[in-house]
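Trainee: Generate a structure from the sequence data that follows.
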Amino acid sequence: MRPRDRRLVALVGPTASGKTDLAVQAVEQAGCPVEIVILDSRQLYRGLDLGTGKPDAEQRRRVPHHLLDCLELHETPDAMDYRRRVEAVASEILARGAVVLLVGGAGFYLRALREGFHDFEYTSAELGRVRERLSCMDDETLRESLRSLDPRTAERLHPNDRYRISRALELCELSGRTASELEAEFRARPILDASFKVALLMPAAEILHERIAQRTGLWLEAGWQEEIRDLLDSGIDPAAAGLDILGYRQVGALLRGEMTREECLEQIVVATRRYARAQRTWFRKEQARLNFAAHDAAAVQALAALLRECAAAP
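Mentor: Just a heads-up that it's a prediction; the model follows:
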């Protein structure tokens with residue numbers, strides 16, 4: 001393993017757990033050069049600030065952040081494109097002698113960085129066209145399509161697992177091969193041949209529920225509606241992919257008069273809690289170097305120590 005490969009750390013956890021604050025404080029306490037790379041598909045979007053939990057201007061001033069605001073609202077986030085971007089920026093950070101600290105809750109993106117993808121190429125535009133067509137199919141049509149193209153994978157997947165069924169169909173259409181064939185040949189290829197040190201911030205569910213409700217209310221009071229209205233007034237298509245993500249979808253409906261503010265708040269809170277529950281399920285399988293139940297002084301010190309250890313690695 002090359003020396004630079006030892007300087008990749010990931011701080012992961014569910015939404016609203018306090019990852020950004022913990023990361024910034026730990027970097028400052030570490031006393032060694034560290035630069036943050038976001039691990040969050042929603043924060044890639046330019047113009048979506050209030051409802052994505054982006055680090056604020058002060059936090060960005062205190063610690064360098066990378067990959068914020070790199071997608072236009074009409075673009076669709078793509079894990080393969082994200083991997084390419086991270087590999088490029090991580091190489092630059094490591095060349096400066098700094099530690100790379102990935103911060104976010106996108107477990108699939110972390111997997112993309114550590115394992116890579118099946119060995120075929122496709123463009124974001126091609127993926128977008130396939131996903132748009134599949135999204136128009138009902139569940140039964142999707143199931144029948146997969147049974148026809150890849151019966152082995154169809155038999156393995158739960159019939160109600162629309163996400164994985166759609167993903168298997170994407171692989172079939174983009175590669176011309178079945179998902180089962182590709183899986184049999186797959187070998188993990190981490191970016192830069194790196195080994196990742198992972199820290200997990202996982203507060204109790206009831207604490208997350210309260211934080212999600214409080215945060216959503218604060219964002220609405222701080223001008224979430226105005227942020228979306230300004231984007232639409234600038235000519236952004238209301239159907240843009242970036243405006244169809246969690247929270248922005250509901251606030252858009254509020255702006256159109258399709259629901260009340262109270263209904264909007266409730267729907268965002270319920271949907272975000274559901275998302276956080278899925279993240280908790282995903283990250284429970286993570287073999288983390290550090291595990292934190294809270295963002296506190298002990299967590300800051302432990303993460304800072306891990307960053308120093310990585311910076312000092314020969």
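Trainee: what's the weakest-modelled helix or strand in the chain?
Mentor: helix 179-185 (a mean of 81; mean pLDDT, DSSP states H and E).
Trainee: which residues are in contact with the helix or strand that that helix is followed by?
Mentor: Downstream of helix 179-185, the first helix or strand assigned by DSSP states H and E is strand 197-201. Applying Cβ atoms under 8 Å, 6 or more residues apart in numbering, the external contacts of strand 197-201 come out as 8-13, 17-19, 22, 110, 283, 286-292, 295, 299, 302-303, 306, 310. The C-beta positions use only the backbone N, C-alpha and C, and glycine is treated the same way.
Trainee: Would you write a ChimeraX line that selects the buried entries of these?
Mentor: Per 16 or more other Cβ atoms under 10 Å, the buried members of these correspond to this ChimeraX selection:
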select :8,9,10,11,12,13,17,18,19,22,110,283,286,288,289,290,292,295,299,302,303,306,310
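Trainee: re earlier: show me how far the least confident helix or strand of the chain is from its chain's centre.
Mentor: The gap between where helix 179-185 is centred and where its chain is centred comes out at 25 Å by Cα atoms, centre = their mean, to the nearest Å.
Trainee: for it, which positions count as buried?
Mentor: Using 16+ other Cβ under 10 Å as the test for burial, helix 179-185 gives 179-182.
Trainee: Show the contacting residues for Glu58.
Mentor: So Glu58 contacts nothing (Cβ under 8 Å, 6+ apart).
Trainee: quick one: secondary structure of it?
Mentor: When classified by DSSP: H, G, I helix; E, B strand; the rest coil, Glu58 comes out as helix.
Trainee: which residue ranges form the helices in the chain?
Mentor: Listed in chain order, the helices of the chain (DSSP state H) span 19-30, 57-62, 79-95, 107-115, 124-135, 139-149, 151-156, 162-175, 179-185, 205-221, 224-233, 248-255, 261-283, 297-312.
Trainee: Check those helices for me and report the most buried one.
Mentor: Ranked by mean neighbour count, those are led by helix 19-30 with a mean of 22 (mean count of other Cβ atoms under 10 Å).
Trainee: just the buried residues of helix 179-185 now: which is nearest Ile212?
Mentor: Taking Cβ to Cβ as the measure, Ile212 sits nearest to Ala179 out of the buried residues of helix 179-185, at 34.1 Å.
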